[in-house]
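Colleague: Build the 3D model from these lines:
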Amino acid sequence: MNKAKNELHDLQKQIELWAKGYGLDFFETIFELIDAKHLNEIAAYGGFPTRYPHWRFGMIYDSLSKGYEYGLQKIYELVINNDPCYAYLMNSNTLDEMANHASRIRQYGELYGIDEVENFIDLCLSLENLIDVHTPSRKGHDILEFLIQKAPLEEWQRETLIMLRDEAYYFLPQGQTKIMNEGWASFWHSKILTEKALQDIDIVDFADHHSATLATQPGQINPYKLGIEIYRDIEERWNTGRFGKEYEECDDIEFKRHWDKKLGKGLEKIFQVRKLYNDVTFIDEFLTPELCEKLKLFVYAYNKRNGTYEIVDRDTRKVKDKLLFSLTNFGQPMISVTEDNFEGKGVLLLTHTHYGVDLKLLEAKETLERVQKIWKQTVCLETIINGERRLLIYDGKEHREKSL
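Modeller: Below is the predicted model:
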């Protein structure tokens, strides 16, 4: 193990020099070599070795362990975004804050009972997406913050909800740039290894692992693959000058195919993009019709007659719209607090911002039940169902609906 650590340290220093030579800037990175069992444990905790106890982490660990055991999935490395940055590597291949949360919630379990605390955490985790993805936060869109301030909670419950909300916001930026992050890592992993680090004997092994990382299952988006292909396309276009008014207005297909202004601005451009964009703006601006065709990104629909998915539209704009919709607010409905004393009865009124897709009624009702357990009084949700404005109502006993 010590030999492996020494070799890793030597490689780290050399690759850091190459990375800085490309203009990359990064925190100090501390590598830890651990076995698959411990790596799965840390992954189950969302990347942190110590967090509060809860059965959901055990469920995630069980899923990861079985996936590894049956060869369905493997985590090669896990990085915690912190300064310094911690990178856990399989040996076959904001830490303090999280630990503090774990300690406090264990204390609550001892004081108020493990079942009581776990049940409340269940409730909070089922609502952890009811935060505001925008900065600065918009009034009423951070429902967790509203409940922290206004709901009749015991002090330990309020503190627990504060901690879980803080953790939800920690993971938020990573979710907003997942495609960019994974694509960036894959881009530089490939570039540094193939241009600098690999020996001839390592090429086949690298190609095998890299292709497995970029493999895409039918009907799914692989963020590593989509991200790296967009970065590579940007690099190529800005190296050759295939952008701007002159290029777009050129109607000679053969001339455009061999277009090369020899600008050499590809790396400069991808660094600029990395600093300024998130997944939504990244895809909206840089996913081109040519790239959609290359990656076979089309709009598919299920054909009940033959039991297969078929291409129903090749329009790049529609492909983008589908992708962007799945990324906006993480594909979650946009819900906000409208009034906390609706009709003068202490009723909490929530509003769903409708973007053409109706809520899944069963999930909407389950969400109302969970919010009501914290609010303690009737909770209503205004939405649109089948083109009609509706008010969903839950009073703690039964669900009702009425037209508006």
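Colleague: State the phi and psi torsions of the residue lying closest to Glu77 once chain neighbours are set aside.
Modeller: In space, and not counting its chain neighbours, Glu77 is closest to Leu89: 5.2 Å by Cβ to Cβ, 6 or more residues apart in numbering. C-beta here means a position set from N, CA and C on the backbone, and glycine is covered the same way. Dihedral angles of Leu89 (phi, psi; degrees, to the nearest 10) stand at phi -110, psi 140.
Colleague: Report the beta-bridge partner residues of Leu89.
Modeller: Leu33, Glu77 (DSSP bridges).
Colleague: count of neighbours near it?
Modeller: 18 (other Cβ atoms under 10 Å).
Colleague: And it, how far from Ile42?
Modeller: 11 Å (Cβ to Cβ, to the nearest Å).
Colleague: Mind naming the longest strand for the protein?
Modeller: Assignment by DSSP state E gives strand 334-342 as the longest strand of the chain.
Colleague: quick one: contacts of the helix or strand just after it?
Modeller: Going down the chain from strand 334-342, the next helix or strand is strand 347-353, by DSSP states H and E. If you take Cβ atoms under 8 Å, 6 or more residues apart in numbering as the criterion, strand 347-353 is touched by 143, 333-342, 359, 364, 371, 375, 377-384.
Colleague: same check, this time on stretch 8-24
Modeller: Contacts for stretch 8-24 (Cβ under 8 Å, 6+ apart): Phe26, Thr29, Phe31, Leu33, Leu89, Trp188, Lys191, Ile192, Lys196, Ala197, Leu267, Phe271.
Colleague: Check which residues of it are buried.
Modeller: Neighbour-count burial for stretch 8-24 flags Trp18, Ala19 (criterion: 16 or more other Cβ atoms under 10 Å).
Colleague: Mind giving me the PyMOL select for the contacts of strand 347-353, buried ones only?
Modeller: Paste this into PyMOL to select the buried members of these, with burial taken from 16+ other Cβ under 10 Å:
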select buried, resi 143+333+335+336+337+340+342+359+364+371+375+377+378+379+380+381+382+383+384
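Colleague: Can you say which helix or strand has the residue nearest the centre of the chain in it?
Modeller: Computing the C-alpha centroid of the chain and ranking residues by Cα atoms, centre = their mean puts Gly175 first, at 2.7 Å. Using DSSP H and E, Gly175 maps to helix 155-176.
Colleague: now that helix: how far from the chain's centre is it?
Modeller: Centre-to-centre, helix 155-176 and its host chain are 15 Å apart (Cα atoms, centre = their mean, to the nearest Å).
Colleague: What residues sit buried inside that helix?
Modeller: Neighbour count says helix 155-176 has 156-157, 159-161, 163-165, 167-170, 176 buried, by 16+ other Cβ under 10 Å.
Colleague: Looking at these, spot the one nearest Ile148.
Modeller: Ile148 lies nearest to Leu161 out of the buried residues of helix 155-176, by Cβ to Cβ, at 5.4 Å.
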